[in-house]
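Undergrad: missing the sequence, but the structure's below:
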């Protein structure tokens with residue numbers, strides 16, 4: 001039975017939750033990932049069909065192909081809101097306007113660490129820069145979200161001032177970010193509670209968490225508990241370094257653990273996951289929560305014996321809820337019950353002596369050498385097909401130089 005954690009939300013229990021997908025922007029920033037226009041369009045369409053509320057379509061100023069991809073997605077007539085990432089620069093906003101989108105996500109660092117080392121800005125100059133950009137976008141009838149990069153390492157009072165000032169300049173949403181994943185759930189609840197109490201109630205809050213410590217989903221849920229309405233995530237949790245909060249994990253947790261309606265068609269989650277795997281080349285770990293290959297596969301004899309009687313003994317939710325299927329795996333940890341169960345389904349009755357012989361064969365481990373080869377092949381794949389190494393870059397440079405001569 002799924003535990004009901006509604007009480008954790010307090011006065012926010014009836015507050016709507018909006019799922020904001022960043023697979024096409026932050027997800028594509030995974031090292032070595034490069035989506036073409038057709039890939040982006042297909043993923044955008046499937047995100048829309050699944051019920052995602054906001055699609056971060058990309059960063060149009062990055063390249064001509066990125067600009068064309070965003071423009072194409074903006075023209076699809078999706079039910080989801082389509083927005084783009086822009087820097088706090090007028091030329092970025094002008095570029096966004098040319099794509100036809102009606103929503104921009106204007107970002108600027110909020111921590112001294114980022115402001116100083118990335119832009120050489122002091123806090124006052126950054127504040128003025130952010131306000132100017134938001135005012136300009138608002139004057140051009142764009143819906144504006146202000147994204148405070150590295151919020152979790154910013155001075156809270158300065159962050160509060162930045163978010164309040166950009167709201168007064170026209171931003172409807174303030175996106176709080178844990179850019180390098182250093183928050184804990186308890187700290188996140190306290191942090192968001194501080195901001196929620198300190199900022200105008202009309203300013204809606206969003207959350208964007210990275211997974212450097214494996215806490216992105218937990219931190220995202222903690223932020224929702226404290227009053228955040230807009231939840232940023234990526235399919236399969238892909239993104240820079242260790243990735244982002246995984247859309248499928250956040251959605252399922254909200255739907256089943258917290259009984260919060262997200263508007264997402266959960267039966268499409270595994271299909272969406274497989275599509276993003278195929279298009280990005282970022283292969284899920286078999287034990288990936290919700291959508292991993294092993295999420296609904298069972299081998300342990302003790303577990304399988306219990307599940308033959310009651311599936312919920314080792315499944316917190318049925319695989320059909322996310323578009324998956326259950327399977328029983330026969331291997332080293334199998335027991336007699338599953339062998340009898342499977343053979344009986346095929347109309348084959350065998351005695352215990354035969355089952356014991358089958359078990360001996362199943363528990364052999366001399367095939368494991370093939371797995372070692374597979375691991376090396378996967379490493380080689382990531383090295384050769386998701387970007388190039390520094391050594392390969394040097395070789396390319398030498399080749400280019402020699403050809404030029």
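TA: Arrived safely, thanks for sending. For clarity, every value in this text was computed on a predicted model and none was experimentally measured.
Undergrad: so which strand or helix has the spatially closest residue to residue 291 that is not a sequence neighbour?
TA: Among residues not flanking residue 291 along the chain, residue 273 sits closest, at 3.8 Å (C-beta to C-beta, 6 or more residues apart in numbering). Bear in mind the C-beta positions are built from the backbone N, C-alpha and C, glycine included. Using DSSP states H and E, residue 273 maps to helix 269-280.
Undergrad: pretty sure residue 382 sits in a strand.
TA: No: under the criterion used here (DSSP: H, G, I helix; E, B strand; the rest coil), residue 382 is helix, not part of a strand.
Undergrad: least trustworthy helix or strand in this structure by mean pLDDT?
TA: The least trusted helix or strand in the chain, going by mean pLDDT, DSSP states H and E, turns out to be helix 301-309, with a mean of 78.
Undergrad: run through who's touching that helix.
TA: With C-beta atoms under 8 Å, 6 or more residues apart in numbering as the test, helix 301-309 has contacts from 298, 313, 314, 315, 328, 333, 334, 335, 336, 337, 338, 341.
Undergrad: if we can go back for a sec, the residue nearest to residue 291 contacts residue 251, correct?
TA: No: if you go by C-beta atoms under 8 Å, residue 273 and residue 251 don't touch, sitting 11.6 Å apart.
Undergrad: following the chain onward from the one helix or strand residue 106 maps to, which element is next?
TA: Residue 106 belongs to strand 103-109 when assigned by DSSP H and E. Remark: after strand 103-109, the chain's next helix or strand is helix 112-114, criterion DSSP H and E.
Undergrad: let's check: the centremost residue of this protein is which one?
TA: Residue closest to the average C-alpha location in the chain (C-alpha atoms, centre = their mean): residue 234, at 2.2 Å.
Undergrad: show the contacting residues for it.
TA: Per C-beta under 8 Å, 6+ apart, neighbours of residue 234: 21, 22, 23, 26, 27, 243, 244, 245, 246, 247.
Undergrad: how close does the first one get to residue 58?
TA: Meaning residue 21. 12 Å (C-beta to C-beta, to the nearest Å).
Undergrad: could you do residue 260 as well?
TA: 29 Å.
Undergrad: higher neighbour count, the two?
TA: Between residue 260 and residue 58, residue 58 has the larger neighbour count (other C-beta atoms under 10 Å), namely 29 against 21.
Undergrad: what's the helix or strand for the more buried one?
TA: Going by DSSP H and E, residue 58 is not part of any helix or strand.
Undergrad: pretty sure it sits against residue 28.
TA: Yes: with contact defined as C-beta under 8 Å, residue 58 reaches residue 28; the gap is 7.4 Å.
Undergrad: which regions of this structure lie under the pLDDT threshold?
TA: Within the chain, the stretches with pLDDT under 70 are 1-11, 365-369, 405.
Undergrad: outline the domain layout of it.
TA: 10-280, 297-362, 368-404 (automatic domain parsing).
Undergrad: ranking the ones you listed by burial, who's on top?
TA: Most buried of the domains of the chain, by mean neighbour count (mean count of other C-beta atoms under 10 Å): domain 10-280, with a mean of 20.
Undergrad: distance between that domain and the chain's centre?
TA: Mean-position distance between domain 10-280 and its chain equals 11 Å (C-alpha atoms, centre = their mean, to the nearest Å).
Undergrad: what's the distance between the residue nearest to residue 291 and residue 327?
TA: Counting by C-beta to C-beta, the gap from residue 273 to residue 327 is 17 Å.
Undergrad: with residue 54 instead?
TA: On the measure of C-beta to C-beta, residue 54 and residue 327 end up 35 Å apart.
Undergrad: residue 178 now?
TA: 36 Å.
Undergrad: and what of residue 183?
TA: The gap separating residue 183 from residue 327 is 37 Å, by C-beta to C-beta.
Undergrad: what do you get for residue 229?
TA: 38 Å.
Undergrad: residue ranges for the helices of the stretch 151-300 of the chain, please.
TA: 156-169, 185-198, 216-225, 247-252, 269-280 (DSSP state H, counting those that start in this stretch).
Undergrad: list the contacts of residue 233.
TA: 19, 20, 21, 22, 220, 244, 245, 246, 247, 249, 250, 251.
Undergrad: and residue 290, which of the domains of the chain is closest to it?
TA: Closest to residue 290 of those, according to C-beta to C-beta: domain 10-280, at 4.3 Å.
Undergrad: could you list the residues in contact with stretch 264-281?
TA: 19, 23, 27-28, 30, 32-33, 35, 39, 42-43, 46-47, 49-52, 235-236, 238, 247-248, 251-252, 255, 282-284, 290-291, 320-324, 381, 385-386.
Undergrad: any idea how far that stretch is from the chain center?
TA: In this view, stretch 264-281 has its centroid 11 Å away from the chain centroid, taken as C-alpha atoms, centre = their mean.
Undergrad: now for residue 349: which residues touch it?
TA: residue 343.
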